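[1] requesting a structural model of the entry that follows:
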Amino acid sequence: MKLFATLAMVLTCFLGQAVQAKDKVERPSTTQSQQKLSQVNINTATTSQLAAVMKGVGLKKAEAIIEYRKKFGPFKSIDELTAVKGIGSKTLQKNRAKLTI
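    Now for the predicted structure:
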């Protein structure tokens, strides 16, 4: 009987650790995903990438950036972002270090 109890305890412990390890591998934290996108190229980024990296820019403003890019071609400078409706100089200054061309 002691052997069965010991075996059950070892098995329970092993299975518990296996489940915890599986959870750690399959569920990357949000902060890890955000850290991968610390800088974004305004000429190639998707709407979700722009919205994820830029402070004060949601999906709607990110869509406006992409529409501007489609209409007028690639941005020649980061400062040109202020020509996009909804992107002012304050938003640009908050995000300048996160943007590339």
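
[2] how much space between Gln49 and Val40?
    Distance from Gln49 to Val40, counting by Cβ to Cβ, to the nearest Å: 5 Å. Any C-beta I mention is one placed from the backbone N, CA and C, and that applies to glycine too.

[3] scratch that, Asn95 is what I was asking about
    The gap separating Asn95 from Val40 is 9 Å, by Cβ to Cβ.

[4] what of Phe72?
    19 Å.

[5] show me which of the two is the more surrounded one.
    Counted by other Cβ atoms under 10 Å, Phe72 and Val40 do not tie: Val40 has more neighbours, with 20 against 12.

[6] show me what the more buried one is bridged to.
    When bridges are called by DSSP bridges, Val40 pairs up with Leu99.

[7] Lys55 is in contact with that one, correct?
    No. The criterion here is Cβ atoms under 8 Å, and Val40 misses it with Lys55 at 11.9 Å.

[8] can you give me the helices for the protein?
    Remark: helices assigned in the chain by DSSP state H are 2-26, 30-36, 47-53, 59-72, 89-95.

[9] hey, least reliable of these by pLDDT?
    When the helices of the chain are ranked by mean pLDDT, helix 30-36 comes last with a mean of 45.
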